[in-house]
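>>> I'd like to go over a predicted model; first the sequence, then the structure.
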Amino acid sequence: MGFIKFVFFVIIIYYLFKLVARYVMPYLLSLFIKRAQDQMMGNMSANSGTKNTKKEGEVSVKTNPKKSPKAHKGNIGDYVDFEEVE
């Protein structure tokens, strides 16, 4: 009798899972997609508010501050004099 109850509950759980997967999961997935889409649209509108003040053809170069040179310890290598040969 215990085995029949077990099989009955497994079948019930299986059909409940199919029901949830068919009707609830698409709803949850659509909510997730809508939230991601709204977040992307918010990011796009925030970025479009900053206008580029440069004129066409104007070039600007941004550099990172150079780090202080560190003293190298030990033998780095030998200096090789270079001569261009044609």
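That came through fine. Predicted model, so just to flag it, every value in this text is computed and none were measured.

>>> C-alpha from now on. contacts and neighbour counts both.
Fine.

>>> Please read off the pLDDT at F9 from the model.
At F9, the model reports a pLDDT of 95.

>>> Tell me, how many residues neighbour it?
Using other C-alpha atoms under 10 Å, F9 has 12 other residues around it.

>>> so how far is V85 from it?
87 Å (C-alpha to C-alpha, to the nearest Å).

>>> same question, L29
68 Å.

>>> These two: who's more crowded?
Remark: of L29 and V85, L29 carries more neighbours, 11 against 4, as counted by other C-alpha under 10 Å.

>>> Could you report the pLDDT at the more buried one?
The per-residue pLDDT reported for L29 equals 93.

>>> tell me which element it falls in.
helix 2-48 (DSSP states H and E).

>>> Now find how far off-centre that helix is within its chain.
On the basis of C-alpha atoms, centre = their mean, to the nearest Å, helix 2-48 sits 23 Å off its chain's mean C-alpha point.

>>> in this protein, which segments are predicted with low confidence?
48-53, 68-74 (pLDDT under 70).

>>> thinking again about what came up before, so which elements touch the helix holding L29?
For helix 2-48, there is no helix or strand it packs on, judged by 3 or more C-alpha pairs under 8 Å, 6 or more residues apart in numbering; DSSP states H and E.

>>> Burial check on R35, number of neighbours?
12.

>>> oh, I was asking about N47
N47 has 10 neighbours, counted by other C-alpha under 10 Å.

>>> Roughly how far does it sit from N64?
23 Å.

>>> same thing with N75?
Counting by C-alpha to C-alpha, the gap from N75 to N64 is 29 Å.

>>> Can you list the buried residues in stretch 2-19?
When burial is assessed from 16 or more other C-alpha atoms under 10 Å, stretch 2-19 yields no buried residues.

>>> Only alpha carbons, please: show it as CSV.
Output of stretch 2-19 as CSV, limited to C-alpha atoms (Å, rounded to 0.1, in the frame of the first residue of the first chain):
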residue,chain,number,x,y,z
GLY,A,2,2.9,2.4,0.7
PHE,A,3,4.4,1.9,-2.7
ILE,A,4,1.1,2.8,-4.4
LYS,A,5,0.9,6.0,-2.3
PHE,A,6,4.4,6.8,-3.3
VAL,A,7,3.7,6.3,-7.1
PHE,A,8,0.5,8.3,-6.7
PHE,A,9,2.4,11.3,-5.1
VAL,A,10,5.1,11.1,-7.7
ILE,A,11,2.5,11.3,-10.5
ILE,A,12,0.7,14.2,-8.9
ILE,A,13,4.0,16.1,-8.4
TYR,A,14,5.0,15.4,-12.0
TYR,A,15,1.7,16.9,-13.4
LEU,A,16,1.9,19.9,-11.0
PHE,A,17,5.4,20.6,-12.2
LYS,A,18,4.3,20.3,-15.9
LEU,A,19,1.4,22.7,-15.1
